[in-house]
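1. Got a sequence here, can you model it:
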Amino acid sequence: MHTFTILFILFLLVTSGVQLWLSLRQAKHVGDHRAAVPDEFADKVTLDEHQKAADYTHAKGSFGRINLVIGAIVLLLWTLGGGLNWLDEIVRSYGYGPLTTGVIVIIAFSIISSIIDIPSSLYSSFVIEEKFGFNKLTLKVFFMDMVKGALLSVVIGVPLILLVLWLMESAGDLWWLYAWIALTAFSILMMWAYPKFISPIFNKFEPLEEGEVLDRIKGLLTKTGFNSDGVFVMDGSKRSSHGNAYFTGFGKTKRIVFFDTLLKGMSPSQVEAVLAHELGHFKHKHVFKGMIISMIMTLVGFAVLAWLMKQDWFYTALGVQQSSTYMALLLFLLVSPAFTFFIGPIMSRWSRKHEFEADAFAAQQSDAGELISALVGLYKKNAGTLTPDPLYSAFYDSHPPASIRIAHLKQIG
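-> Numbers count the residues shown, from 1 in each chain. Presented below is the predicted three-dimensional model:
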């Protein structure tokens, strides 16, 4: 057995083991605190709401652990089990050129992976989300989303795959730099195009109607000097009763989007406070900083791939008998999460720092008390647990736990 094979198995076992351990810690911690609402939320959250959140967290965690084990097994079947090698041999037998062969292999892999994921997605939406009253999907919408996503992948993804594979084949030793430039340009283009052309394929967006909410939003935008392409309401209730709000777009195409489910449960002043928090991310350039970090990580990833693709052991140690650019790309995308899992807590900590900064901005531009009320409302609407395990939260949560976040808002407010 090759040394890299042993390393891959070891990292996969450690990564999966830590994830299972953290998930079990979360389940125990949430279960231990299920019987009583935390004191700081006693006058805002009922016991039934608190226990619903605990049960929802438990259900998602249990299913997540099953998916984690299945995912690790599927990964081993694709690699050491010979799945990728089998797929590669079948496509190679047709005698196409390397670019065509590579695109077909990657598309075939994506289709098979999507089919494998269908039962999990169905169970998540139509059993777990349905049980807790969140699911609004119909089977028709579920499968239409899949078809639309597949068509978009062909229209947008295939040209990008062709370009990257062509650069890997033809651009010499610095192909990884050119591929990084191409991917970065593509990502920026998608940030511009997504709100205008892609997102409307899946959801309807209507301008926010005139009234107090829009007046408050316009006043806040003027006060903070933020320009946008408009304020829109998305039909999130078409798929789920969860509520959310977000910014999307790039440059002049930036737009503010509220789920219709969120607007139904908040007062105008709470909506203003939530928007002020989101504006805080832009004012502190969190989106831009995130883009820079993503670009750096992608550049490093391409550089590592450029070295690995020249090593014959990289293929044979992972169950692939014949080296190729497209197989190097597939293997790298498949196995790298096992080696980079522990970067996650660092990124989560960084994200939580940004949330505190955005909260501080919101407290300056609106009412901290209204943001606290809005956040409590969102925890109740989305059945978010108020008592996460601290270590689990440190690894995974991009937002601070409710008690810490609200205590911070009270302090700065």
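2. Share the number of residues neighbouring L47, please.
-> 12 (other CB atoms under 10 Å). For every residue, glycine as well, the C-beta is placed using N, CA and C.
3. Tell me, please, where in the stretch 201-350 of the chain the pLDDT is lower than the cut-off.
-> Scanning the stretch 201-350 of the chain for pLDDT under 70 picks out 250-253.
4. Not counting stretch 41-56 itself, show me its contacts.
-> Under the contact criterion CB atoms under 8 Å, 6 or more residues apart in numbering, stretch 41-56 has outside partners 30-31, 33-34, 36-37, 128, 132, 376, 379-380, 383-387, 402-403.
5. Just the buried subset of these, please.
-> Among those, those scoring as buried are 30, 33-34, 37, 128, 376, 379-380, 383-387, 402 (criterion: 16 or more other CB atoms under 10 Å).
6. Restricted to helices, list these.
-> Under the assignment DSSP state H, the buried ones among the contacts of stretch 41-56 contribute V30, V376, Y379, K380, A402 to helices.
7. Against E130, how distant is the first one?
-> As judged by CB to CB, to the nearest Å, V30 and E130 stand 21 Å apart.
8. re earlier: of the ones in helices among the buried ones among the contacts of stretch 41-56, which pair is most distant in space?
-> For these, with distances taken as CB to CB, the pair at the greatest spread is V30 and V376 (17.8 Å).
9. now the helices for the stretch 251-400 of the chain?
-> 260-264, 268-283, 286-308, 312-316, 325-340, 344-365, 368-382, 390-396 (DSSP state H, counting those that start in this stretch).
10. So which of the ones you listed is nearest I73?
-> I73 lies closest, by CB to CB, to one member of these: helix 325-340, at 13.3 Å.
11. hmm, who's touching the closest one?
-> Here helix 325-340 makes contact (CB under 8 Å, 6+ apart) with 8, 11-12, 15, 75, 78-79, 84, 88, 98, 101-103, 105-106, 109, 164-165, 168-169, 301, 304-305, 308-309, 314-315, 318, 320.
12. if you set the cut-off to 7 Å instead, what comes out?
-> Helix 325-340 is contacted by residues 8, 11-12, 15, 75, 78-79, 84, 88, 102, 105-106, 109, 165, 168-169, 305, 308-309, 314-315, 318, 320 when judged by CB atoms under 7 Å, 6 or more residues apart in numbering.
13. pLDDT value on the residue nearest to V274 when sequence neighbours are not counted, please?
-> Spatial nearest neighbour of V274, chain neighbours left out: A374 (5.1 Å); criterion: CB to CB, 6 or more residues apart in numbering. Per-residue confidence (pLDDT) for A374: 92.
14. What is the burial count for A374?
-> Neighbour count of A374, defined by other CB under 10 Å: 27.
15. That one contacts M266, doesn't it?
-> Yes - applying CB atoms under 7 Å as the test, A374 and M266 come out as touching, 5.8 Å apart.
16. what about S187, distance to G102?
-> Computed as CB to CB, the S187 to G102 distance reads 21 Å.
17. make that S323, sorry
-> For S323, the distance to G102 equals 12 Å [CB to CB].
18. Likewise for A182?
-> Per CB to CB, A182 is found 16 Å from G102.
19. can you check E40 too?
-> 56 Å.
20. Compare these two (neighbour count), which wins?
-> G102 (26 against 14).
21. Surely A303 and L174 touch.
-> No - if you go by CB under 7 Å, A303 and L174 don't touch, sitting 10.2 Å apart.
22. can you tell me which residues contact L378?
-> Taking CB under 7 Å, 6+ apart, we find L378 in contact with G243.
23. re earlier: among the contacts of helix 325-340, which are located in strands?
-> Cross-referencing these against strands under DSSP state E gives no overlap.
24. Send me stretch 108-122 as PDB with only the CA atoms.
-> C-alpha atoms of stretch 108-122 as PDB (Å, rounded to 0.1, in the frame of the first residue of the first chain):
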ATOM      1  CA  ALA A 108     -20.900  11.400 -16.000                       C
ATOM      2  CA  PHE A 109     -19.400  11.600 -12.500                       C
ATOM      3  CA  SER A 110     -21.600  14.600 -11.700                       C
ATOM      4  CA  ILE A 111     -24.700  12.900 -12.900                       C
ATOM      5  CA  ILE A 112     -24.000   9.700 -10.900                       C
ATOM      6  CA  SER A 113     -23.200  11.700  -7.800                       C
ATOM      7  CA  SER A 114     -26.400  13.700  -8.200                       C
ATOM      8  CA  ILE A 115     -28.500  10.500  -8.500                       C
ATOM      9  CA  ILE A 116     -26.800   9.100  -5.400                       C
ATOM     10  CA  ASP A 117     -27.700  12.300  -3.500                       C
ATOM     11  CA  ILE A 118     -31.400  12.300  -4.500                       C
ATOM     12  CA  PRO A 119     -32.700  10.000  -1.600                       C
ATOM     13  CA  SER A 120     -30.900  12.100   0.900                       C
ATOM     14  CA  SER A 121     -32.300  15.400  -0.500                       C
ATOM     15  CA  LEU A 122     -35.800  13.900  -0.600                       C
END
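25. How far away from the center of its chain is that stretch?
-> Distance, stretch centre to chain centre, for stretch 108-122: 18 Å (CA atoms, centre = their mean, to the nearest Å).
26. Pull the residues that contact that stretch.
-> N67, V74, L87, V91, S153, L330.
27. now the second one, nearest residue through space, not along the chain?
-> Put plainly, it is V74. Computed as CB to CB, 6+ apart, the closest residue to V74 that is not its neighbour in sequence is I116, at 6.4 Å.
28. burial measure for that neighbour, as a count.
-> When neighbours are counted by other CB under 10 Å, I116 comes out with 12.
29. any idea which element it lies in?
-> Using DSSP states H and E, I116 maps to helix 98-123.
30. Could I get the buried residue list for that helix?
-> If you call a residue buried by 16+ other CB under 10 Å, then helix 98-123 has these buried ones: L99, T101, G102, V103, I104, V105, I106, I107, F109, S110.
31. I'd like to check the angle between that helix and helix 325-340, please.
-> With axes from the mean of the first three to the mean of the last three CA atoms, to 10 degrees defining the directions, helix 98-123 sits at 40 degrees from helix 325-340.
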